[in-house]
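S.K.: Here is a sequence with its predicted model. Questions after.
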Amino acid sequence: MTDNSAPVVLLTDRAWPDDTIEREVLEDAGLRIVAGPAEPAPAATIEALAAEHQPSAILTCWAPVSATAIEKAGGLQIVARMGVGLDNIAVPAATERGVLVTNVPDYCVEEVSDHAVGLALAWTRGLVAADREVRNGRWNPAGVRLRRLSALTCGVVGFGRIGRATVAKLTALGARVAISDPHPPADTGGASVLALDELLRSCDIVILHAPLTERTRHLIGERELALMPADALLINVSRGGLVDTGALVASLRARHLGGAGLDVLEEEPSVPTELLTHPAVVITPHIAFSSDASVADLRRSAAEEVVRVLRGEPPRHPCNRPATLSRGASS
């Protein structure tokens, strides 16, 4: 039990059934956890919770942590993302007010890269389409069109931790691999480095591992899809906003793009009917990050970042560099 005078941690939402791991880490450190609704609430709800409870820390999964929420929590010291991307957090506002923002960048490297490769294999081997056919009473092995992965060129957009793992796994399967990244390292694991347009023109499979920012929103739109070879596959296991959904639907409708493997969508959980009914589209419900091991690691690591910062220790994975301490940290 923690007393009512203990610093408050606001848990905005969660993508798992309970908050036992987070609560154990935080309460063992003498902190008091206040949990919002499990499902991501609108920004106004989070702002009201921040104003009411005056948290020293906000632990968030998908719910929006707006500039207003950060301002209303006057003693806020840290916003810790239970995940990798920061597009649901007003990072500039946090930085301006001296609030640290952290994430957990390394918890799901194997899972997301496995998912990306799995979607590629499902397409090349026709696994999902064949299963649907058999379940609908059709046994037609002569009617399938299958591909050899090692005869294809795969392009990976974004060469961070997950991109590197995906490249290594595709290379091990014999595929030719190219990457596109604004800041490619000297060692790319044997993958060639191409500008994005060149990668799109030359790759049979394009896998997105880029973060969602204002610059990368609709990174793949009508023009970019038109650059891809006819019958190519687009895989997105990063953020839905990287792809212009309307342009994707139009390309599939025109039978230019050969298929899509999507773990993320622009308007989750809403799925356009044309994607649901397209035989060469595979959709999973934003689960590429997930396994029993990765989710446990994520929850514990994010909560431990909160404990470190509230104890006055530096975080392991800072995502901003506040110029000054927040009012709560300096009092």
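M.R.: Perfect, thanks for sending it.
S.K.: and Ser270, how many neighbours does it have?
M.R.: Per other Cβ atoms under 10 Å, the neighbour tally for Ser270 reads 8. For glycine as for every other residue, the C-beta is placed from the backbone atoms N, C-alpha and C.
S.K.: Report pLDDT for it.
M.R.: Listed pLDDT for Ser270 reads 95.
S.K.: Also Glu111?
M.R.: At Glu111, pLDDT is 98.
S.K.: cool, Ser66 as well?
M.R.: Confidence score, pLDDT, at Ser66: 98.
S.K.: Quick check: closest non-adjacent residue to it.
M.R.: Excluding its sequence neighbours, the residue lying closest to Ser66 (Cβ to Cβ, 6 or more residues apart in numbering) is Ala43, at 4.6 Å.
S.K.: OK, contacts around that neighbour?
M.R.: Counting by Cβ atoms under 8 Å, 6 or more residues apart in numbering, Ala43 touches 64, 66, 68-69.
S.K.: cutoff 10 Å now
M.R.: Applying Cβ atoms under 10 Å, 6 or more residues apart in numbering to Ala43 gives the contacts 63-69, 88, 90.
S.K.: I'd like to know how far it sits from Ala90.
M.R.: 9 Å (Cβ to Cβ, to the nearest Å).
S.K.: For this structure, just list every one of the helices.
M.R.: 20-28, 43-53, 67-72, 91-96, 109-124, 127-135, 161-172, 196-202, 222-227, 245-253, 273-277, 292-310, 327-330 (DSSP state H).
S.K.: Could I get those in TSV, plus columns for distance to Leu265?
M.R.: Shown next, in TSV, are the helices of the chain (distance: least, Cβ to Cβ, whole Å):
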stretch	distance to Leu265
helix 20-28	27
helix 43-53	20
helix 67-72	25
helix 91-96	23
helix 109-124	14
helix 127-135	17
helix 161-172	19
helix 196-202	21
helix 222-227	16
helix 245-253	7
helix 273-277	8
helix 292-310	21
helix 327-330	37
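S.K.: Out of those, which gets nearest to Ala178?
M.R.: Shortest distance between Ala178 and the helices of the chain, using Cβ to Cβ, is found for helix 196-202: 5.4 Å.
S.K.: for the closest one, packing partners?
M.R.: Helix 196-202 makes packing contacts with strand 153-157, strand 176-180, strand 192-193, strand 205-208, helix 222-227 when contacts are defined by 3 or more Cβ pairs under 10 Å, 6 or more residues apart in numbering; DSSP states H and E.
S.K.: Relative to Arg253, which of these is closest?
M.R.: Short answer: helix 222-227, nearest of the helices and strands packed on helix 196-202 by Cβ to Cβ, at 11.5 Å.
S.K.: name the helices or strands packed onto the closest one?
M.R.: helix 196-202, strand 205-208, helix 245-253.
S.K.: which other helices and strands contact the second one?
M.R.: So the one you mean is strand 205-208. helix 109-124, strand 153-157, helix 161-172, strand 176-180, helix 196-202, helix 222-227, strand 233-236, strand 259-262.
S.K.: In CSV: those, plus mean neighbour count.
M.R.: Formatted as CSV, the helices and strands packed on strand 205-208 follow (neighbours: other Cβ atoms under 10 Å):
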stretch, mean neighbour count
helix 109-124, 22
strand 153-157, 26
helix 161-172, 21
strand 176-180, 22
helix 196-202, 17
helix 222-227, 16
strand 233-236, 28
strand 259-262, 23
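S.K.: check contacts around Glu266.
M.R.: Glu266 touches 217-218, 239-246, 248, 272, counting by Cβ under 10 Å, 6+ apart.
S.K.: Go again with 8 Å.
M.R.: 240-241, 243, 245.
S.K.: and if you look at Asp19?
M.R.: 11, 33, 35.
S.K.: same deal with Arg145?
M.R.: Residues in contact with Arg145, defined by Cβ under 8 Å, 6+ apart, are Gly126.
S.K.: Recalculate using a threshold of 10 Å.
M.R.: Arg145 touches 126, 129, 231, 258, 280, counting by Cβ under 10 Å, 6+ apart.
S.K.: Also Gly189?
M.R.: 159, 163-165, 167-168, 170-171, 177, 179.
S.K.: Can you tell me the centre-most residue of this structure?
M.R.: Nearest to the geometric centre of the chain sits Ser238, at 4.4 Å (Cα atoms, centre = their mean).
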